[in-house]
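>>> the sequence and its predicted three-dimensional model are supplied below.
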Amino acid sequence: MSDFKFCPVCATSLIQRSDEGEGGKSRLACPEGHWTHWDNPLPVLAAIVEIDGKVLLARNAAWEEGMFALITGFMERDETPEQGIAREIKEETNLDAEQVKLVGVYEFMRKNELIIAYHVKASGQIRLSPELLEYRLLEPAALRPWRAGTGHAVADWMRAQGLAVEYVDRPLLQKAQPEPALKA
């Protein structure tokens, strides 16, 4: 549930309301009809970034050691998803997106997100933004997707490359494990 408590138009306390036209779905709403909190999923862009035949995974500064993931981010107003993922890759890694191809669209209900995943062939010199601490370049066959979010995109991409998919249960790389897993 959200943190919204008051209507942003009239400041009246919000109520839970089921609308007939919405299939009985209950939503937070202004009792005066000024505002409804739809709580729709947020689109998130994700990239399987390929550089010189290897896939780039990065560790966010906020994550524990050993956790690596695809490059992800949010679209901005007035940009297409393809422009958005190219911008995110440039901002986070300094790489230039040369070929951008849709892999698929995936639900990530736990975070109320809809992931739009791309395979991006990129070039340039990797220079991480302060948001990222470190990166790994892996042979595509060494990828081990997890069973949620971006992991499904990686698995689909691997299958399209004719690679075997071996899922991991946890999105962590333990020091004893030779290959990193993915986290969305």
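All right, it came through fine.
>>> for the rest of this, base every contact and every neighbour count on C-alpha atoms.
Noted.
>>> roughly how far does the residue nearest to F74 when sequence neighbours are not counted sit from T150?
The spatial neighbour of F74 that comes closest, neighbours along the chain excluded (C-alpha to C-alpha, 6 or more residues apart in numbering), is V44 at 5.1 Å. Using C-alpha to C-alpha, to the nearest Å, we find V44 at a distance of 10 Å from T150.
>>> host element of the residue nearest to F74?
strand 42-51 (DSSP states H and E).
>>> cool, and V154?
Here V154 sits within helix 150-160, counting by DSSP H and E.
>>> who does that helix touch, helix- and strand-wise?
strand 96-108, strand 113-123 (3 or more C-alpha pairs under 8 Å, 6 or more residues apart in numbering; DSSP states H and E).
>>> direction included, what does the first one pair up with?
So that's strand 96-108. Within its sheet, and counting by DSSP bridges, strand 96-108 is paired with strand 113-123 (antiparallel).
>>> avg pLDDT for the partner strand?
Mean per-residue pLDDT for strand 113-123: 97.
>>> tell me which residues in the helix or strand just after it are buried?
Per DSSP H and E, the first helix or strand lying C-terminal to strand 113-123 is strand 132-138. Buried residues in strand 132-138, counted by 16 or more other C-alpha atoms under 10 Å: L132, E134, Y135, L137, L138.
>>> pull the most distant pair out of these.
Greatest spatial distance in the buried residues of strand 132-138: L132 and L138, 17.2 Å, computed using C-alpha to C-alpha.
>>> ok, the nearest residue to G149 once chain neighbours are set aside - contacts?
Distance criterion C-alpha to C-alpha, 6+ apart; nearest residue to G149, sequence neighbours excluded, is F108 at 5.0 Å. Each residue near F108 by C-alpha atoms under 8 Å, 6 or more residues apart in numbering is listed here: L114, I115, A148, G149.
>>> which element is the residue located most distally from the centre of the chain on?
Here the centre of the chain is the reference, and by C-alpha atoms, centre = their mean the most remote residue is E32, at 36.3 Å. Secondary structure from DSSP H and E places E32 outside every helix and strand.
>>> dump the residue contacts of the closest residue to V100 other than its chain neighbours.
Once flanking residues are discounted, V100 sits nearest to V120: 4.6 Å by C-alpha to C-alpha, 6+ apart. Contacts for V120 (C-alpha under 8 Å, 6+ apart) come out as A47, I48, V49, E50, A97, E98, Q99, V100, K101.
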